[in-house]
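Colleague: Could you work out the structure for the sequence below:
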Amino acid sequence: MVEDDRPQERRQFDRLERDDEVRIKEYTFPERQGSLPARILDISGGGLQLETDRFFSEGTLLKIEMRFTGWQRFTRGFLKHFGQAAHQPLVVLAEVLRCKGVVPGARYEVGVAFSGIDAAQQEALIRYIRDKLGEPGGAE
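Modeller: So this is what the prediction gives:
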């Protein structure tokens with residue numbers, strides 16, 4: 001028997017490259033600060049990778065508001081294609097797993113795992129990503 005020395009892939013969700021602006025802020029209660037702009041580098045059903053101009057320590061909880069469209073059509077419900085439902089933002093809480101300086105003091109790549117996401121919205125996001133990647137289980 002031949003052993004495989006390659007590292008095992010730990011991700012359980014497909015990743016989709018994106019280039020969308022989002023709003024992020026450190027989650028506190030009560031909420032105290034305004035949000036900052038960031039950019040999605042890639043997204044999955046379990047988290048995303050962002051680029052921002054601020055350093056965040058590992059374990060920091062972020063509130064992330066994503067306003068890209070398309071994922072909404074994979075939600076369950078009759079009115080998902082109409083009015084505000086078609087432009088509903090995806091708002092999640094996510095824990096910082098890593099923060100790497102691309103340009104230290106100016107630009108950082110931040111990897112986060114979703115820790116607070118509505119189950120129906122997460123399922124819609126997973127189906128959206130599968131659809132964009134052309135995989136089964138995406139389109140209805």
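
Colleague: Enumerate every residue touching the spatially closest residue to L16 that is not a sequence neighbour.
Modeller: Leaving aside its sequence neighbours, L16 sits nearest to I129 (CB to CB, 6 or more residues apart in numbering; 4.6 Å). (C-beta placed from N, C-alpha, C; glycine too.) I129 makes contact with 13-16, 43-45, 138, according to CB atoms under 8 Å, 6 or more residues apart in numbering.

Colleague: Go through those and give me the one with the most neighbours.
Modeller: The residue in those with the most neighbours, by other CB atoms under 10 Å, is I43 (27 neighbours).

Colleague: bridging residues for that residue?
Modeller: L16, L48 (DSSP bridges).

Colleague: Equivalent analysis for V103, please.
Modeller: Counting by DSSP bridges, the residues bridging with V103 are R107.

Colleague: Now for it, how many residues are close by?
Modeller: V103, neighbours per other CB under 10 Å, totals 8.

Colleague: do Y128 as well
Modeller: 23.

Colleague: Look at the residue nearest the centre of the chain and report its pLDDT.
Modeller: For the chain, the residue lying nearest the average C-alpha position, counting by CA atoms, centre = their mean, turns out to be L48 (3.8 Å). pLDDT recorded at L48 is 96.
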